[in-house]
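Participant: My questions concern the predicted model and sequence given below.
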Amino acid sequence: MRDRDEFERCAKFISEGCWSWFLTLKYPRVVSPTYPATRCESAEEAFKAWFWEVNCERSRGITVPYIRVIEQRKTGDILLHVLSNGIPRNLQRHWRYRWWELTSGRAWDRILDSRTEGLIRYLFYKRSCNVEFYTGREPVYCEACKADE
């Protein structure tokens, strides 16, 4: 039940937040043969490295908030659906490319509108995707499978 309560706090954060960027980051199971680097060991490691860089570049002492939905695909790929704020539009292409440099995976923008909260709820409650949200303190992790307990 705690995870359901935490997720409802997250949903409130979504509806009250002033979000400017919604994107999906793909961590592929199979690395492209044209990928020239050594990639991060996991989607978790890649996200931490990527978001740390985003924060260092952008923040000047202010931490960028985010909501991250972790979707494990049947193919073995992992999709991270990320809602954030404060990343200038003219730098978003750079950060999508930086994800590829870290992972060999694609990154693409999503439509950010009034349906975004519903999509995140659907992924958590119906597709059993875990959710993490960060408001500037400690990240809060919500396990979807525990939300029904």
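Facilitator: Received, thanks.

Participant: quick one: average confidence on stretch 63-77?
Facilitator: Averaging pLDDT along stretch 63-77 gives 93.

Participant: With just CA atoms, put that stretch into CSV.
Facilitator: Output of stretch 63-77 as CSV, limited to C-alpha atoms (Å, rounded to 0.1, in the frame of the first residue of the first chain):
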residue,chain,number,x,y,z
THR,A,63,18.4,20.3,-9.1
VAL,A,64,16.2,19.4,-12.1
PRO,A,65,13.1,17.5,-11.0
TYR,A,66,12.0,14.4,-12.9
ILE,A,67,9.6,11.6,-13.1
ARG,A,68,10.9,8.3,-14.6
VAL,A,69,8.7,5.4,-15.6
ILE,A,70,10.7,2.1,-16.1
GLU,A,71,9.2,-0.1,-18.8
GLN,A,72,10.7,-3.5,-19.3
ARG,A,73,9.8,-4.8,-22.8
LYS,A,74,9.4,-8.4,-23.8
THR,A,75,12.3,-8.0,-26.2
GLY,A,76,14.7,-7.3,-23.3
ASP,A,77,14.9,-3.6,-24.1
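
Participant: can you give me the strands for this protein?
Facilitator: Listed from the start of the chain, the chain has strands (DSSP state E) covering 21-27, 66-72, 78-84, 107-109, 130-134, 140-142.

Participant: For those, please prepare JSON lines with the additional fields mean neighbour count.
Facilitator: Yep, even glycine has a C-beta here, placed from its N, CA and C like the rest. Formatted as JSON lines, the strands of the chain follow (neighbours: other CB atoms under 10 Å):
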{"stretch": "strand 21-27", "mean neighbour count": "21"}
{"stretch": "strand 66-72", "mean neighbour count": "21"}
{"stretch": "strand 78-84", "mean neighbour count": "22"}
{"stretch": "strand 107-109", "mean neighbour count": "14"}
{"stretch": "strand 130-134", "mean neighbour count": "21"}
{"stretch": "strand 140-142", "mean neighbour count": "18"}
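
Participant: so residue 31 sits right up against residue 104, yeah?
Facilitator: Yes - counting by CB atoms under 8 Å, residue 31 sits close enough to residue 104 to count as a contact (4.6 Å).
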